[in-house]
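Q: Curious how this folds, go ahead:
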Amino acid sequence: RERERETQRHQRQNLMGQMGLLSHVYEAVYIFNSATIEQLRGAISESLKSTPSYALVEESSTLFQRPPAEKHGIQLAYVDHKVEHAELTVTGTHTTGMFKFVDDLAFTFAEKDQKVHVKTLSVSRVGMGDFYQNQRNIDSIMAQVAKSHPFETVQVIQN
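A: Below you'll find the predicted structure:
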């Protein structure tokens, strides 16, 4: 009987994960071969300023403060390296319509192999699941950017 309950619990967790209920982080890398870092920085900043429910945030030290900081701070949110605030060249927020939940957004830029890599990150401030809202946050901004600067590929790192 105990084993059956444990199996059911794992099945519920798997289903909730598939539904986006257990994820509060979305991270992806967009690769551009015909745009500069400055062009992309400008396009992302403009998209954050002009898209309803999004905001460009100049002072990034107030973002990514989800407790506990040692588990959810921006320095640890990226899978493959520790990020310092100075690297975050564009930061912003998204506020949901109904419940006014706030998600923090970060965009970092690097040149590799004559291409610009834009590492994107969206993290929910509260809760353990977001029904894929963090992915929609990034997709929305990057769709605006792609109108003037099409990307070559996107690689999802964590969802």
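
Q: going forward, measure contacts and count neighbours with C-alpha atoms only.
A: Noted.

Q: ok, which stretches of this protein are helices?
A: Applying DSSP state H to the chain gives helices spanning 2-18, 37-50, 69-72, 74-77, 133-148.

Q: give me the number of residues near the residue lying closest to Thr153 once chain neighbours are set aside?
A: With sequence-adjacent residues excluded and distances taken as Cα to Cα, 6 or more residues apart in numbering, Thr153 is closest to Ile31, at 5.4 Å. Using other Cα atoms under 10 Å, Ile31 is surrounded by 22 other residues.

Q: residues touching Ile31, list them.
A: By Cα atoms under 8 Å, 6 or more residues apart in numbering, Ile31 lies in contact with Lys115, Val116, His117, Val118, Phe151, Glu152, Thr153, Val154.

Q: Give me the buried entries from the residues you listed.
A: Buried members of those, scored by 16 or more other Cα atoms under 10 Å, are Lys115, Val116, His117, Val118, Phe151.

Q: For the last one, what are phi and psi?
A: For Phe151, the backbone dihedrals are phi -100, psi 150 (criterion: degrees, to the nearest 10).

Q: give me the number of residues near Lys112?
A: Counted with other Cα under 10 Å, residues neighbouring Lys112 total 9.

Q: Tell me how many other residues crowd Phe99.
A: Phe99: 7 surrounding residues under other Cα under 10 Å.

Q: Then Arg136?
A: 13.

Q: Per-residue pLDDT of it, please?
A: pLDDT, Arg136: 93.

Q: For the closest residue to Ser124 other than its chain neighbours, give me its contacts.
A: Computed as Cα to Cα, 6+ apart, the closest residue to Ser124 that is not its neighbour in sequence is Asp103, at 4.4 Å. With contacts defined as Cα under 8 Å, 6+ apart, Asp103 is in contact with Thr93, His94, Thr95, Ser122, Val123, Ser124, Arg125, Asn134.

Q: run the last query once more with 10 Å
A: Asp103 makes contacts with 24-25, 54, 63-64, 92-96, 121-126, 130, 133-134, 137, as judged by Cα atoms under 10 Å, 6 or more residues apart in numbering.

Q: Alright, I will stop here.
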